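Asks: Here is a sequence together with a model predicted from it:
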Amino acid sequence: MPYTNVLVTGSISRDDIMKFPKKFSDYLHKDKLHKISVSFVVKSLEKQLGGTGTNISYNLKLASNAEVLLLAGIGKDNEDFFDFFKAQGIDTKGILVDNNLYTATGKVITDIDENQIWGFYEGAAEKAKEIDLKKFKKEGSILVISPNHPDAFLETQRQAINLSIPFMYDPGMALTWIRDEDLKTGVERCTWLIGNEYEIEQIERRTGLGKKELEKANTIRITTRGVKGVKYESKKKTVEVPVCKVTVEDPTGAGDAWRGGFLAGVLEEKPIEESLALGNALSSFAVETCGTVNHKPTKQEITERTKKILES
């Protein structure tokens, strides 16, 4: 049965990005780390819309005309997000609003050595645990389970398995808190498992599910490998596709862009090599701009870059 629509679960968040023009290490003393009280005067501040759900949905719509429904929790400060989603053609019927809490927010300071200090407020993201997937599932639906509030992530996984919805499983950012048994269940029951090399190695070690075990479970393993491109492993074939070399302005959001591009190819029933290249193309556009939803390639530009990757 062909896939016709995508249900994207994941976070909606605000990202405040600040740059410190010096080194943190010049102001942090090893013998005083147990009682830190320090202030950094930053030279730039950028406020961005983001979150895994936001990013994946955005990139899906860049590369495909298919229906994309975002399922997530959002806070009382939501007007600009809904305006953005409407402009992109992203269906918002599955977004639950928490009128008491603010939208999840990440604040980061980056020094000149690319070291980062993050603070993250989960806020209204927990609201997503109340989403009922059976209200939104249609014939031909694909589900994306991407990083979210822990309770929402696990509830989505449970419902997806019970409803037999084909899903892409993206547990990388959940590895610090998810139990091995829940991780193993998700990996065994998903259609596509995706992660970077470090994440895939951790998943295999913790679950005991290597290439042979995943083939037996009919799970497709996709490993994103940075400058080395992407590796796709299924029972039928193993495929490797190179990246498109570009000037990197900001790597944040590259993985989410890849997921959106790949799934756009799956929806359009493209050959697997082309779907992988489409993911690499969207990822390359994402890193050329600062922010996770600020790249704006046309479909023609995406097609041309995908072709370039396939011919390389």
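Replies: Happy to help now that I have it. Just so it is clear, the structure is predicted and the values come from calculations on it, not from any experiment.

Asks: So in that sheet, which strands flank the lowest-mean-pLDDT helix or strand in the chain, and in what orientation?
Replies: Per-element confidence for the chain was summarised using mean pLDDT, DSSP states H and E. The lowest value among helices and strands belongs to strand 116-121, with a mean of 87. Paired neighbours of strand 116-121 in the sheet (DSSP bridges): strand 104-110 (antiparallel).

Asks: Would you confirm that Met173 contacts Pro150?
Replies: No: here Met173 does not reach Pro150: they are 10.4 Å apart, not a contact under CB atoms under 8 Å. Yep, even glycine has a C-beta here, placed from its N, CA and C like the rest.

Asks: thinking again about what came up before, buried ones in the least confident helix or strand of the chain?
Replies: Along strand 116-121, the positions that meet the burial threshold by neighbour count (16 or more other CB atoms under 10 Å) are Tyr121.

Asks: Give me the contacts around the next helix or strand after that strand.
Replies: Following strand 116-121 in sequence order, the next helix or strand is strand 141-145 (DSSP states H and E). Residues outside strand 141-145 that contact it (CB atoms under 8 Å, 6 or more residues apart in numbering): 3-10, 56, 133, 153, 156-157, 160, 165-171, 186, 190-191, 259, 263, 266-267.

Asks: Tell me how far strand 141-145 lies from the chain's centre.
Replies: Put simply, strand 141-145 sits 12 Å off its chain's centre (CA atoms, centre = their mean, to the nearest Å).

Asks: re the thing from before, mind listing residues that contact the least confident helix or strand of the chain?
Replies: The contact list for strand 116-121, computed with CB under 8 Å, 6+ apart, reads Phe24, Tyr102, Ala104, Thr105, Gly106, Lys107, Val108, Ile109, Thr110.

Asks: Of those residues, which is the nearest to Gly255?
Replies: Checking the contacts of strand 116-121 against Gly255 with CB to CB, the nearest one is Gly106 at 15.4 Å.

Asks: how about the residue nearest the centre of the chain, phi and psi?
Replies: The C-alpha lying nearest the average C-alpha coordinate of the chain belongs to Asp256 (CA atoms, centre = their mean; 3.5 Å). The phi and psi values for Asp256, taken as degrees, to the nearest 10, are phi -60, psi -40.

Asks: Not counting residues beside it along the chain, what's closest to it?
Replies: In space, not counting the residues next to it along the chain, Asp256 is nearest to Asn55; the distance is 3.5 Å by CB to CB, 6 or more residues apart in numbering.

Asks: And for Ser312, the neighbour number?
Replies: Per other CB atoms under 10 Å, the neighbour tally for Ser312 reads 13.

Asks: now Asp111
Replies: Close neighbours of Asp111, defined as other CB under 10 Å, add up to 19.

Asks: and it, what is it in contact with?
Replies: Asp111 makes contact with Lys19, Phe20, Lys22, Lys23, Phe24 under the criterion CB under 8 Å, 6+ apart.

Asks: Repeat that for Ile222.
Replies: If you count contacts by CB under 8 Å, 6+ apart, Ile222 has them with Trp192, Leu193, Ile194, Gly195, Val230, Lys231, Tyr232, Glu233, Phe262.
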